[in-house]
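> Everything below, folded, please.
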Amino acid sequence: MTVSLKDALLFWLPPDSRSGVVRRALIVWAVAPVIALLQWVSRPLEHPLDRSLVYSFAISTCIWLLCDPVRIRLHRWLRAAPPHYWVWTPRSFIYMPVCIVLGYAAGTAVGDAYTGRSTWELMSLSPQRFWSFGLSSLGISFAFLFYFYQREKSLELKRQASEARLKLLESQLEPHMLFNTLANLRVLIGTDPARATAMLDRLNDFLRATLTASRTEATAGRHTLTDEFARLRDYLELMAVRMGPRLQYALELPEALASHPVPPLLLQPLVENCIRHGLEPSLQGGEVRVSARRQGQQLVLEVSDTGVGSAPSPTPGFGLAQVRERLATAYPGQAHMDWHGQPGGGTRAVLTLPLHTPAP
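This next block holds a predicted model:
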C-alpha cells in the first residue's frame with residue numbers, strides 16, 4: 001500500500017485531520033507573500049523584499065505550526081473533539097494566544113538570523129513602530145484563526161448534512177428490499193412451503209447480520225468493502241433459496257481493497273435490479289457478478305448479470321436513482337455510474353469512485 005507524502009510527513013497526527021492541516025498550510029503560505037509585498041510597498045527602504053518575505057513566511061509558518069498541527073496533537077489535553085478539532089474550550093482560549101506570541105517570537109528569530117540584526121532593538125529605538133508591527137501581526141494571526149474556525153465549522157455542518165442524507169437514503173433502501181423479499185416469500189408459502197421455511201430462516205439470518213453490522217458501523221464510523229460484500233453474499237444466499245439453481249453468483253474483492261470505506265448498501269440495489277429484471281424473467285436464470293478493482297487513483301465497482309438484458313437507456317427506477325443519488329451525496333462531483341445493457345445481452349453497471357488510502 002502506497003503512503004502519500006501528506007501521510008508520511010504528518011504521521012504523528014490523527015489521519016482524519018491531515019487533509020485539513022495541509023489545506024490550511026497552503027492558505028497561510030499563499031497569504032504570506034501578499035503580506036510581505038504590502039510591507040515592502042509601504043516602506044521599501046526599511047523592508048527590502050527578500051527580508052519581508054523571510055519574516056512573513058517565518059512568522060506565519062511558526063504561528064501556524066503551533067496553532068494548528070501541534071494543537072491537534074494536543075487535542076485530548078485541550079478537550080477538542082474530532083473530526084475538526086476546532087471546538088473552543090477554556091484551555092484553548094489560553095493556548096491560542098500563547099502560541100501566537102511564541103510563534104511570532106520564533107518566526108522573528110528566524111528573520112533576525114537571516115538579516116543579521118535584532119528586531120527587539122526596535123523596541124528601544126522606536127517603541128511605537130515595534131508595537132504597531134507586533135500588534136498588526138497578532139491581529140492577522142487572530143483573523144486567520146477565526147477564518148479557519150468558521151471554515152472548518154461550515155465543512156463539518158456540510159459533512160453532517162451529507163451523512164444525514166445518506167442515512168435517509170439507506171433507510172429507504174432497506175424497507176424496499178424487505179418488501180420485495182416478503183412478497184416473494186408470500187408466493188412460496190402457497191406453492192412450496194419447504195422452500196418458504198428455508199427462505200424465512202435465511203431472511204432471519206440476514207436481518208440479524210444486518211442489524212449487528214449497522215450497530216458496529218455506528219460505533220466504528222466506517223463501512224468497508226468487506227462489509228458491503230458480506231451483506232451482498234447474505235442477500236444472494238437468501239435469493240438462492242427462492243430461485244434455486246437458476247441463480248449463480250460470483251463476488252470478486254481483492255485483498256488490497258477489502259478495507260476501503262464505501263457508503264452502506266451502495267451495491268445492493270444494483271444486485272436486486274439484476275435479479276428482479278434480469279434473471280427472474282429468464283427461464284434459464286443466469287449469473288450475477290460483483291467485482292472491485294483499482295484503476296489508477298480510482299476505485300471501480302462493477303455489477304453485471306447474464307439475464308434478459310434491458311434497453312441501452314432504461315427508465316431509471318428506484319434502485320438506479322438511489323445509487324446515483326448516494327454517489328452524488330457521498331462523493332459530490334467525484335463519482336459517477338455508467339449503465340450498459342442490451343436486450344438478451346444482460347446488464348452491467350460500473351461505478352467509479354475516488355480511491356483514498358483507508359485510515360489505519
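> what about residue 15, distance to residue 72?
11 Å (CB to CB, to the nearest Å). Using the backbone N, CA and C atoms, a C-beta is placed for each residue, glycine as well.
> Counting neighbours, go ahead and name the busier of these two.
Between residue 15 and residue 72, residue 72 has the larger neighbour count (other CB atoms under 10 Å), namely 23 against 15.
> so where does that one fall, helix or strand?
helix 69-73 (DSSP states H and E).
> Kindly report the same for residue 304.
strand 298-305.
> again with residue 232
Applying DSSP H and E as the criterion places residue 232 in helix 225-243.
> quick check: mean pLDDT across that helix?
Here helix 225-243 scores 85 as its mean pLDDT.
> tell me how far the following helix or strand past that helix is from the chain's mean position?
Using DSSP H and E, the helix or strand that follows helix 225-243 in sequence is strand 247-252. Centroid displacement of strand 247-252 relative to its chain, using CA atoms, centre = their mean, to the nearest Å, is 29 Å.
> Going by residue numbers, what spans are helices in the stretch 1-150 of the chain?
Taking DSSP state H, counting those that start in this stretch as the criterion, the stretch 1-150 of the chain contains helices spanning 5-9, 18-42, 49-67, 69-73, 75-78, 90-115, 122-125, 127-191.
> quick one, which of those is nearest to residue 233?
Residue 233 lies closest, by CB to CB, to one member of the helices of the stretch 1-150 of the chain: helix 127-191, at 14.5 Å.
> Where do the helices of the stretch 201-350 of the chain begin and end?
Using DSSP H, counting those that start in this stretch, helices in the stretch 201-350 of the chain cover 225-243, 268-273, 318-330.
> most packed of these?
Mean neighbours per residue, mean count of other CB atoms under 10 Å, is largest over those for helix 268-273, with a mean of 24.
> by contact count, what packs against that helix?
In this structure, helix 268-273 packs against helix 127-191, helix 225-243, helix 318-330, strand 347-354, with contacts taken as 3 or more CB pairs under 8 Å, 6 or more residues apart in numbering; DSSP states H and E.
> and if we set it to 10 Å?
Helix 268-273 sits against helix 127-191, helix 225-243, strand 286-295, strand 298-305, helix 318-330, strand 336-341, strand 347-354, with contacts defined as 3 or more CB pairs under 10 Å, 6 or more residues apart in numbering; DSSP states H and E.
> could those be laid out in a markdown table, adding distance to residue 270?
Output for the helices and strands packed on helix 268-273, formatted as a markdown table (distance: least, CB to CB, whole Å):
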| stretch | distance to residue 270 |
| --- | --- |
| helix 127-191 | 11 |
| helix 225-243 | 10 |
| strand 286-295 | 8 |
| strand 298-305 | 4 |
| helix 318-330 | 6 |
| strand 336-341 | 9 |
| strand 347-354 | 5 |
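> hey, least reliable of the ones you listed by pLDDT?
Of all the helices and strands packed on helix 268-273, mean pLDDT reaches its minimum on helix 127-191 (a mean of 66).
> pLDDT wise, what is residue 16 at?
The model's pLDDT for residue 16 equals 75.
> Residue 186 reaches residue 192, doesn't it?
No - taking contacts as CB atoms under 10 Å, residue 186 lies outside contact range of residue 192: 12.0 Å.
> In terms of neighbours, single out the busier of these two.
Between residue 186 and residue 192, counted using other CB under 10 Å, the more crowded position is residue 192 (14 against 10).
> For stretch 258-269, buried residues please.
For stretch 258-269, the neighbour count (16 or more other CB atoms under 10 Å) marks 259, 260, 261, 262, 263, 264, 265, 266, 267, 268, 269 as buried.
> Show me those that map onto strands.
Residues of those located in strands (DSSP state E): none.
> so what's residue 59 up against?
Residues in contact with residue 59 (CB atoms under 10 Å, 6 or more residues apart in numbering) are 32, 35, 100, 103-111, 137, 140-141.
> Can you say which of those are buried?
Neighbour counting over those (16+ other CB under 10 Å) leaves 32, 35, 100, 103-104, 106-109, 111, 137, 140-141 as the buried ones.
> Among those residues, name the least confidently predicted one.
Within the buried ones among the contacts of residue 59, the minimum per-residue pLDDT falls on residue 137 (69).
> can you tell me which residues contact residue 184?
196, 199, 203, 238, 239, 241, 242, 243, 275, 276, 280.
> Contact partners for the fourth one?
Spelled out, it's residue 238. So residue 238 contacts 177, 181, 184-185, 198-207 (CB under 10 Å, 6+ apart).
> Just the buried subset of these, please.
Buried by 16+ other CB under 10 Å: 177, 181, 184, 185, 198, 199, 200, 202, 203, 206, out of the contacts of residue 238.
> farthest-separated two in those residues?
Using CB to CB, the buried ones among the contacts of residue 238 reach their maximum pairwise distance at 177 and 198, which is 18.4 Å.
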